[in-house]
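Engineer: Build the 3D model from these lines:
(one chain, ligands or ions: 2)
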Amino acid sequence: MDARIVLLPGDGIGPEVIAEGRKTLEAIAGRFGHQFVFESHPIGGCAIDEFGTALPNSTVAACRTAQGILLGAVGGPKWDDPTAKTRPEAGLLGIRKALGLFANLRPIQVLPQLVAASPLKAEIVSGTDILFFRELTGGLYFGKSAREKDASGEVAYNTMIYSTHEVERIVRLAAQAARGRKKKVTSVDKANVLEVSRLWRQVVERVMKEEFPDVAYEHVLVDAMAMYLISKPTKFDVVVTENMFGDILTDEGSMLPGSLGLLPSASLGDPGPGLYEPIHGSAPDIAGKGIANPLATILAAAMLLRHSLNLETEAAAIEAAVNKVLSDGHRTADLMGTSAPKSTTEMGDLVVAALRAA
Ligand code: IPM
Ligand code: MN
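Structural biologist: Ligands and ions are numbered 1, 2, ... in the order given. Alright, predicted model coming up:
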């Protein structure tokens, strides 16, 4: 297969982890006889510095015609001034919107080898395997917002807005995924307070009853979900929720396996290329030190192969290689209880070696 893959390294540890993702994809190309062409483009803070915008048009254009996009991370203290004209995060939000990437898949699995790295007790966390569907192009992130002067000084607001159509399409994707898993969907909302959640809940009811009678579903309020995620994480299979709730819950969920550095995500639209990224941020505190965990990005590359290139065998090969490296006891510094941590590149090399040996 020939594929053009756009790399968006971004800021902080982004370039370091993307280098390992690329290395892994190159190893896959070599082993399975594919031709992957890579192109790097700026996004986030580095793009602000160079072009005055977090999302240059040339980056969007390159992404539109790519078969898959692998992104590192954006942001950092250098660009954190609240009065700045633009922020690195605008690049990420902009590319999601420009490509219509409404579905953000965030798998959270606690691998048996890593149960000890979890801050939770093994008997609670063992066997956790949740697939989050976070709606990604609506809600508070993209609703009407403003800052205005009033008699007291200033007011600011953001509005949470969802249309029936936006809820339907994400719920359908979640329910379809549940069919290939344990056939259970948990929809998270705040219907006891928010009108937008009451619409969300009604749409979920209708879609599930009419189109997915074979899939069980439940509604859980977001505050309760925050609690259940750490008290009974194994009770969940597919979870679907709106943008901001999904942002917060998946960061919480990312602690179940012990580190943000392990979790990949896929942002999918229809049609068009998917965008794949680790769910961790740019980690400015450790940028440039060569100690970031590249596994989330490497697993994001596996998701790219699976969802955008339809290369299931290749995706599974990466996942098996990551499993092997962890089973062999190799750890980066972010994983609790690590005594002799591997560097970012060493970890990438170990994955590539495991791929070659398999
Ligand atoms: C994420 C990030 C982004 C988000 C930020 C960087 C804009 O936290 O992908 O979860 O809030 O969506
Ligand atoms: Mn987030």
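Engineer: who's in contact with the closest residue to Asp223 other than its chain neighbours?
Structural biologist: With sequence-adjacent residues excluded and distances taken as CB to CB, 6 or more residues apart in numbering, Asp223 is closest to Lys190, at 7.5 Å. Heads up, the C-betas are built off the backbone N, CA and C, glycines and all. By CB atoms under 8 Å, 6 or more residues apart in numbering, Lys190 lies in contact with 197, 221-223, 245.
Engineer: Could you point out which of those is nearest to ligand 1?
Structural biologist: Nearest to ligand 1 among those, counting by CB to the nearest ligand atom, is Phe245 at 11.5 Å.
Engineer: helices and strands around the helix or strand harbouring that closest one, which ones?
Structural biologist: Assigned by DSSP states H and E, Phe245 belongs to helix 243-254. Applying 3 or more CB pairs under 8 Å, 6 or more residues apart in numbering; DSSP states H and E, one finds that helix 243-254 contacts strand 103-109, strand 129-135, strand 184-189, helix 222-231.
Engineer: Quick check: buried residues in it?
Structural biologist: 243-247, 249-250, 253-254 (16 or more other CB atoms under 10 Å).
Engineer: do it and ligand 1 meet?
Structural biologist: Yes: for helix 243-254, a contact with ligand 1 is found by CB under 6 Å from any ligand atom, at Asp247.
Engineer: tell me the average confidence for the helix or strand just after that helix?
Structural biologist: Using DSSP H and E, the next helix or strand after helix 243-254 towards the C-terminus is strand 264-268. The average of the pLDDT scores along strand 264-268 is 98.
Engineer: Paired strands for strand 264-268, with orientation please.
Structural biologist: Using DSSP bridges, strand 264-268 pairs in its sheet with strand 103-109 (antiparallel), strand 274-278 (antiparallel).
Engineer: hey, which of the ones you listed is tucked in deepest?
Structural biologist: Of all the strands paired with strand 264-268, strand 274-278 has the most neighbours on average by mean count of other CB atoms under 10 Å, namely a mean of 28.
Engineer: Looking from ligand 1, tell me which residue of the stretch 151-300 of the chain is nearest.
Structural biologist: Asp247 (4.5 Å).
Engineer: From what I see, that residue and Glu135 are in contact.
Structural biologist: No: between Asp247 and Glu135 there is no contact under CB atoms under 8 Å: 10.2 Å.
Engineer: does the spatially closest residue to Ser327 that is not a sequence neighbour count as helix, strand or coil?
Structural biologist: Excluding the flanking residues, the one nearest Ser327 by CB to CB, 6+ apart is Gln113, at 5.1 Å. Secondary structure, DSSP: H, G, I helix; E, B strand; the rest coil: Gln113 is helix.
Engineer: Please give me every residue in contact with Gln113.
Structural biologist: 323, 326-327.
Engineer: Next: Gly44.
Structural biologist: Counting by CB under 8 Å, 6+ apart, Gly44 makes contact with 10-11, 14, 54, 73-75, 79, 88-89, 91-92, 282.
Engineer: how close does it get to ligand 1?
Structural biologist: According to CB to the nearest ligand atom, to the nearest Å, Gly44 stands 9 Å off from ligand 1.
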